[in-house]
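>>> what's the 3D shape of this:
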Amino acid sequence: MRSLAIVLALAACGDETVPPGPSTCTGLVYDSCRDEHDCSSANCRPFGSIQVCTQACSDTAPCPNDQAGNTVTCTNMLCQPTIANTCTLP
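Just a heads-up that it's a prediction; the model follows:
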């Protein structure tokens, strides 16, 4: 009986929309990763306080911008972002 009362009370609160949480990481460049198997590029590297999927880069193959549109630096032939994409590891 209490469960029914709680359900009714929650339903009476209105149609409040819950903001979406971060999406699940899918292995895209700059997604968080644990190891190379988490990345479509098979390249998971630590950069300071983050560990992300990365890819090779050069003068002729620059790094794509990060999720926020920031320029990403090519360091030692790897794209080195300052932040990871907003996602959670599965």
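>>> can you give me the helices for this structure?
Ranges of helices within the chain are 2-11, based on DSSP state H.
>>> give me the below-cutoff pLDDT ranges for it.
Applying pLDDT under 70 to the chain picks out residues 1-21.
>>> please name the residues that touch residue 31.
25, 38, 39, 52, 53, 84, 85, 87 (CB atoms under 8 Å, 6 or more residues apart in numbering). To be clear about C-beta, it is placed using only N, CA and C from the backbone, and glycine gets the same treatment.
>>> could you check how far it is from residue 59?
In this view, residue 31 and residue 59 are 25 Å apart by CB to CB, to the nearest Å.
>>> go on, residue 24?
Applying CB to CB to residue 24 and residue 59 gives a distance of 34 Å.
>>> so the two - more neighbours on which side?
Taking other CB atoms under 10 Å, residue 24 and residue 59 do not tie; residue 24 has more neighbours (10 against 6).
>>> quick check: that one touching residue 87?
Yes - using CB atoms under 8 Å, residue 24 makes contact with residue 87 at a distance of 6.1 Å.
>>> nearest spatial neighbour of residue 70, chain-adjacent residues omitted?
Spatial nearest neighbour of residue 70, chain neighbours left out: residue 82 (7.1 Å); criterion: CB to CB, 6 or more residues apart in numbering.
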